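Asker: Take a look and give me a structure for this.
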Amino acid sequence: MQVDFPKFGKVGKIFFDNVIYPKLGAKRDEVLVGPNYGCDNAVVKINDRQVMILTSDPLSIIPALGLEDSAWLTVHLLASDLATSGIPPMYAVLDFNLPPQITKEEFEIYWDAFHRECEKLGIAIVGGHTGKFFGIDYTIVGGGTFIAIGDIDKYLSSNMAKPGDRIVITKGGAIATTGILARVFPETIERNFGSDFLKEAQSYFRKFSVVDDALTAVKIGVRNDGVSAMHDATEGGVFGGIYEMAIASGCGVHVYKEKVKISETTRKICDLFEIDPYISLSEGTLIIAVKEEKVSELVNVLAENGIESSEVGYFEEPSYGLWIENPDGSKEALVYPEADPYWNAYINAINKGWR
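Answerer: Modelled structure (predicted):
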């Protein structure tokens, strides 16, 4: 089978299934959740009572965001993935492969911000590797692993959704798309919509984390007592995240498109950049599978903690298929976007000279 290696962004399911998944080193019985499409966290059994949860992601320095915000974003993207297990992140191992041009003073600013955010979240940095190497450039400057230890009967994985579970999402769609484009192309956005709009759009940057969303959601109970699975929407947006969760869990799914909140701010930016907000980058949106009788309790506990949420659909038996219901009642198949439209929009904007 011919498998395309994507030009940008995360590899798709076909690439993963054909190139990565068949070759995973030795098999070990204590690996409860290993590499799997739609699963961000690995789960390894430590003993009869405890598991270790691990997740990995790139470490990034994005010049347009600045050093401190790049550090904040990197910590929260890693911590968000791990928090979808329902267990707070505890430890970090970091490998910095830095570009030759970064100065000591610049790295100190980045590292100080990284340390402060880890300290705030209760994460100890326990190991890693740091160096400058020829051939490295911004924005990806290495990789990190966050780790947690938790009870074997309380952790969650994105493959644990069951038919009948309802789907609740926090915040809405294209959160990261809104926040990043507003930070990278401020002059264009201010010229089109004004300075107040720009300020509002740039405030989306601090919504990128789902650490609070996930750790608040599990207060209602886990597995058969409440939340059964969680996943954060990243590349592919809300629809991509729901698709990944359904595939990982072996479920069908029904999503009501009109119930997925797209803010007016997000809609205007997505129209300007010609992006479909339902399938575009949405770090900051948590997708939660929850028992039907617990939906109200979940929405209430999130609201009490200042987190907006809405019920947008439900999981079904696998034979049901994967469907989106449009506002007019028609249905279309839910398919995974092989390329997130954010990347082309970003490159097109650069080529147009937008600033």
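Asker: Every contact and neighbour count from this point should use C-alpha atoms.
Answerer: Will do.
Asker: Next one: residue 189 from residue 197, what distance?
Answerer: Distance of residue 189 to residue 197, given as CA to CA, to the nearest Å: 8 Å.
Asker: swap that for residue 76, please
Answerer: 25 Å.
Asker: Looking at these two, which one has more neighbours?
Answerer: With neighbours defined as other CA atoms under 10 Å, residue 76 and residue 197 compare such that residue 76 has more, 23 against 16.
Asker: I'd say that one and residue 207 touch.
Answerer: No. Here residue 76 does not reach residue 207: they are 10.1 Å apart, not a contact under CA atoms under 8 Å.
Asker: Phi first, then psi, for residue 5.
Answerer: phi -90, psi 120 (degrees, to the nearest 10).
Asker: That one and residue 11 touch, don't they?
Answerer: Yes. Counting by CA under 8 Å, residue 5 does reach residue 11; the two are 6.9 Å apart.
Asker: ok, residue 265 - how many residues close by?
Answerer: Neighbour tally, residue 265, other CA under 10 Å: 16.
Asker: any idea how far it is from residue 211?
Answerer: 23 Å.
Asker: next one: residue 150
Answerer: The value you get for residue 150 to residue 211, if CA to CA is used, is 16 Å.
Asker: what's the answer for residue 189, then?
Answerer: Taking CA to CA, one finds residue 189 at 29 Å from residue 211.
Asker: looking at this structure, which helix or strand does the model trust least?
Answerer: helix 13-15 (a mean of 84; mean pLDDT, DSSP states H and E).
Asker: after that one, next one along is what?
Answerer: Scanning forward in sequence from helix 13-15 by DSSP states H and E, the next helix or strand is strand 31-33.
Asker: Report all helices and strands that the next helix or strand after that following strand contacts.
Answerer: Moving toward the C-terminus from strand 31-33, the next helix or strand (DSSP H and E) is strand 42-45. Here strand 42-45 touches strand 31-33, strand 50-60, going by 3 or more CA pairs under 8 Å, 6 or more residues apart in numbering; DSSP states H and E.
Asker: Need the contact partners of stretch 5-16.
Answerer: 3-4, 37, 235, 338-340, 343 (CA atoms under 8 Å, 6 or more residues apart in numbering).
Asker: Now for residue 286, how many residues are close by?
Answerer: Residue 286 - counted by other CA under 10 Å - has 30 other residues nearby.
Asker: what about stretch 33-51, how long is it end to end?
Answerer: 11 Å.
Asker: out of the helices and strands packed on strand 42-45, deepest packed?
Answerer: Greatest average neighbour count among the helices and strands packed on strand 42-45 goes to strand 50-60 (a mean of 21), per mean count of other CA atoms under 10 Å.
Asker: now for that strand, which elements pack on it?
Answerer: Using 3+ CA pairs under 8 Å, 6+ apart, the elements in contact with strand 50-60 are strand 42-45, helix 67-83, strand 140-151.
Asker: Specify the stretch among those that is closest to residue 162.
Answerer: strand 42-45 (19.1 Å; CA to CA).
Asker: For the nearest residue in space to residue 326 that is not next to it in sequence, give me its contacts.
Answerer: Take residue 326 and drop its neighbours on the chain: the residue closest to it by CA to CA, 6 or more residues apart in numbering is residue 257, 5.5 Å away. By CA under 8 Å, 6+ apart, the contact list for residue 257 reads 312, 324-327.
Asker: Can you report how many residues lie near the residue lying closest to residue 204 once chain neighbours are set aside?
Answerer: Closest residue in space to residue 204, ignoring its immediate chain neighbours: residue 179 at 4.6 Å, by CA to CA, 6+ apart. Each residue near residue 179 was counted by other CA under 10 Å, and the total is 24.
Asker: could you point out which element follows the helix or strand encompassing residue 179?
Answerer: Per DSSP H and E, residue 179 falls inside helix 175-184. Next along the chain after helix 175-184, taking DSSP H and E as the criterion, comes helix 186-193.
Asker: mind listing what's buried in the following helix or strand past that following helix?
Answerer: Counting by DSSP H and E, the next helix or strand C-terminal to helix 186-193 is helix 195-202. Buried residues in helix 195-202, counting neighbours by 16 or more other CA atoms under 10 Å, are found at 197-198, 201-202.
Asker: so what secondary structure elements neighbour helix 195-202?
Answerer: With 3+ CA pairs under 8 Å, 6+ apart as the test, helix 195-202 has helix 175-184, helix 186-193, helix 264-273 packed against it.
Asker: Please work out the average pLDDT along the second one.
Answerer: Yep, that's helix 186-193 we're talking about. In this model, helix 186-193 has a mean pLDDT of 96.
Asker: Tell me what angle it forms with helix 264-273.
Answerer: Helix 186-193 runs at 100 degrees relative to helix 264-273, counting by axes from the mean of the first three to the mean of the last three CA atoms, to 10 degrees.
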